[in-house]
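A.B. asks: The following comprises the amino acid sequence and a computationally predicted model.
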Amino acid sequence: LVAGHFRSRVRAARVLLAAMGPPPAVDPASLREWVDLHGAEIARADEIIAARLADPKNFGDHTCMSLCDDVFGIVRQSVVGEGGDGCSSVLLLGEACSGKTHAVEWCIARLRDAQRSLVVLRAYGRSYASDAECVRHLVTQVADQLPEQPRGNASFEQIMEWLRKVLTDRFKTATAAIIVLDRFEHFCSRARQTLLYNLFDIAQEVGVKLSIIGISEKMDVMNMMEKRIKSRFSMRHLHAFRPTSMEDLVPVLMSKFRLPAGCELKGSFKFEFARRVEAALQAKTHQWQHHLELGRTPTWFLWQCVPVASLFHDAAAATDAAPAAKRQRLGEGSPGCLPSASGEEVRALLLSSLSEAEHIVLLALFRIRSRQASATLAKVLYEVQLLHQGGGFVAAFASDRYCAAFDRLRQMRLVELSSAGAGETPERYLPCQSLVNHIFHDLVMDLERVAGGSRTASLPWNPLRALPQVVQQWASRQRS
């Protein structure tokens, strides 16, 4: 009933929006006048939006209702008792920031409305050194006071028996439970996968309806599961995707910028605020298309739009900006010109100004080329991710950082992207190559000579020497 009522409201809203038509283009004059007139209200709206964005429990409306409906329908069969055998499972697959956790939290919130006694347990795969630690974490979520627990050297069977007793006591007042397993692939990498095997057994013994929701970024995670686990999991696979067009991205951003119904601002202002925000976002279509093709996350676009006052200013300024004057041709007498600089010297100057992230991207391209393999941005990101996760590089891996570095290298013409036969292939998967691989070959060889004990480097200048030691070792490891 809850899901049906919500879907009917969504359909009614869509019909109303369709009748209203697309948002009008931003008129810079009227927008600037409106911003000046409502400056105080916009500042207050920015405060409200900032507080909502800072709240980790505030997910807002989900824009992919088909995914939410699918998850809701599968889980409801178990926890509400609408068909099924009392136990069900679903696996959500997709890249980071594609809306998997958002969809799960949306469904849990709706299920709590229909089943007040619902118990929700959460486990995070990469946070535990052993299955015993995971069990202890699950117990702390269902027990008001942590009961006497087994000793640290207790066997896994003793710990599972402890969990069984705790759940039996807790489920005296509950009839349904959901277990959310984030980073599901880590649970599949455990020896014999005993924890997964015992979860359904415990649920059946204590007489509770159980649904397990797995979340993973690895598309082949099911291949990691043992046969006995697959036979117990009636698991369906659902896929979540990042926005790839402005038509998909704008609703995601609008779900974050929409003012809540209970705020003190007037309804007429909230309606006009939403209309102008959507029009300002649509005005960025040309500017953001390249970033969408690079596979940037919605979070990256979100932080380009806050505070909203700056978004309004950019929308008005971009439209009525005066056309740029024709650039004067540079000659030998022009200041700052290097008439005698060759192409190689220009590239050397560019290399001296590169950031650490840009050097790492070029080194990743060099490593891939050394293996006689074709390179794409996706392969580069995976190569760099291995450096962060297993190469001893302490900095956290952020794909957006290296996508931006890749884009800057393209603009400097140090990296070339092939467009032959691309069709609709995203830039993330198009073949690419470094135009300075031969220079990096000499730079890496110089690092190897220094690491081999040479007292003096053969090159008087090597920008790779300024990189962290672990990155220097990673650069030459491909050749060792």
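C.D. replies: Thanks, I have the structure now.
A.B. asks: shaky segments in the stretch 251-400 of the chain?
C.D. replies: Applying pLDDT under 70 to the stretch 251-400 of the chain flags residues 319-350, 391-394.
A.B. asks: again, 50 this time
C.D. replies: Applying pLDDT under 50 to the stretch 251-400 of the chain picks out residues 322, 324-341.
A.B. asks: Run through the strands of the stretch 151-300 of the chain in chain order.
C.D. replies: 176-182, 209-216, 235-239 (DSSP state E, counting those that start in this stretch).
A.B. asks: any chance of those strands in JSON lines, plus mean neighbour count, distance to residue 250 and mean pLDDT?
C.D. replies: Where C-beta positions appear, they are placed from N, C-alpha and C, glycine not excepted. Shown next, in JSON lines, are these (neighbours: other C-beta atoms under 10 Å; distance: least, C-beta to C-beta, whole Å; pLDDT from 0 to 100):
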{"stretch": "strand 176-182", "mean neighbour count": "22", "distance to residue 250": "28", "mean pLDDT": "87"}
{"stretch": "strand 209-216", "mean neighbour count": "25", "distance to residue 250": "26", "mean pLDDT": "85"}
{"stretch": "strand 235-239", "mean neighbour count": "15", "distance to residue 250": "22", "mean pLDDT": "81"}
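A.B. asks: I'd like these laid out as JSON lines, including distance to residue 53.
C.D. replies: Below are the strands of the stretch 151-300 of the chain laid out as JSON lines (distance: least, C-beta to C-beta, whole Å):
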{"stretch": "strand 176-182", "distance to residue 53": "21"}
{"stretch": "strand 209-216", "distance to residue 53": "22"}
{"stretch": "strand 235-239", "distance to residue 53": "27"}
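A.B. asks: Looking at those strands, spot the one closest to residue 65.
C.D. replies: Nearest to residue 65 among the strands of the stretch 151-300 of the chain is strand 235-239; the distance by C-beta to C-beta comes to 13.1 Å.
A.B. asks: mind listing what the closest one pairs with, with the direction of each?
C.D. replies: According to DSSP bridges, strand 235-239 forms sheet pairs with strand 87-93 (parallel).
A.B. asks: picking up where we left off before, how about the strands of the stretch 151-300 of the chain, which one is nearest residue 460?
C.D. replies: Comparing the strands of the stretch 151-300 of the chain by C-beta to C-beta, strand 209-216 comes nearest, at 49.5 Å.
A.B. asks: elements contacting that closest one?
C.D. replies: helix 65-79, strand 87-93, helix 100-114, strand 176-182, helix 184-188, helix 194-206 (3 or more C-beta pairs under 8 Å, 6 or more residues apart in numbering; DSSP states H and E).
A.B. asks: Tell me what angle that strand forms with strand 235-239.
C.D. replies: 40 degrees (axes from the mean of the first three to the mean of the last three C-alpha atoms, to 10 degrees).
A.B. asks: Please list the outside residues in contact with strand 209-216.
C.D. replies: 71, 74-75, 77-79, 81, 86-93, 100-101, 104, 175-185, 187, 199-200, 203, 221, 233, 235 (C-beta atoms under 8 Å, 6 or more residues apart in numbering).
A.B. asks: ok, 7 Å please
C.D. replies: 75, 78-79, 81, 86-93, 100-101, 104, 175-185, 199-200, 203 (C-beta atoms under 7 Å, 6 or more residues apart in numbering).
A.B. asks: hey, least reliable of the helices and strands packed on strand 209-216 by pLDDT?
C.D. replies: Among the helices and strands packed on strand 209-216, helix 194-206 carries the lowest mean pLDDT, a mean of 72.
A.B. asks: Please check the contacts of strand 209-216 and keep the buried ones.
C.D. replies: Buried by 16 or more other C-beta atoms under 10 Å: 75, 78-79, 86-93, 100-101, 104, 175-185, 199-200, 203, out of the contacts of strand 209-216.
A.B. asks: Tell me, how many residues neighbour the closest residue in space to residue 399 that isn't next to it in sequence?
C.D. replies: Distances taken as C-beta to C-beta, 6 or more residues apart in numbering place residue 381 nearest to residue 399, at 5.4 Å, with adjacent residues excluded. Using other C-beta atoms under 10 Å, the number of residues around residue 381 comes to 19.
A.B. asks: Work out for me the element residue 381 sits within.
C.D. replies: For residue 381, the element it lies in under DSSP states H and E is helix 377-390.
A.B. asks: Can you name every helix or strand that that helix contacts?
C.D. replies: helix 356-370, helix 399-411 (3 or more C-beta pairs under 7 Å, 6 or more residues apart in numbering; DSSP states H and E).
A.B. asks: Need the winner for burial among those.
C.D. replies: Burial of these is given as mean neighbour count (mean count of other C-beta atoms under 10 Å); helix 356-370 ranks first at a mean of 22.
A.B. asks: Mind exporting the C-alpha coordinates of that helix to CSV?
C.D. replies: Output of helix 356-370 as CSV, limited to C-alpha atoms (Å, rounded to 0.1, in the frame of the first residue of the first chain):
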residue,chain,number,x,y,z
GLU,A,356,51.6,14.8,-9.0
ALA,A,357,48.3,13.4,-10.3
GLU,A,358,49.2,14.2,-13.9
HIS,A,359,52.6,12.6,-13.6
ILE,A,360,50.9,9.4,-12.2
VAL,A,361,48.5,9.3,-15.1
LEU,A,362,51.4,9.6,-17.6
LEU,A,363,53.3,6.9,-15.7
ALA,A,364,50.3,4.6,-15.8
LEU,A,365,50.1,5.1,-19.6
PHE,A,366,53.9,4.3,-19.8
ARG,A,367,53.4,1.1,-17.8
ILE,A,368,50.5,-0.1,-20.0
ARG,A,369,52.5,0.7,-23.1
SER,A,370,55.5,-1.2,-21.7
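A.B. asks: helices or strands next to it in the packing?
C.D. replies: Using 3+ C-beta pairs under 7 Å, 6+ apart: helix 356-370 touches strand 375-376, helix 377-390, helix 399-411, strand 431-434, helix 437-451.
A.B. asks: now that helix, how far from the centre of its chain.
C.D. replies: Centroid separation between helix 356-370 and its chain, computed with C-alpha atoms, centre = their mean, to the nearest Å, is 23 Å.
A.B. asks: Of the helices and strands packed on helix 356-370, which is nearest residue 243?
C.D. replies: Ranking the helices and strands packed on helix 356-370 by proximity to residue 243 (C-beta to C-beta) places helix 399-411 first, at 14.3 Å.
A.B. asks: contacting residues around that closest one?
C.D. replies: Contacts of helix 399-411 (C-beta under 7 Å, 6+ apart): 294-297, 300, 355, 357-358, 361-362, 377, 380-381, 384, 415, 417.
A.B. asks: Tell me what angle it forms with helix 377-390.
C.D. replies: Going by the same axes, to 10 degrees, helix 399-411 is angled at 130 degrees with respect to helix 377-390.
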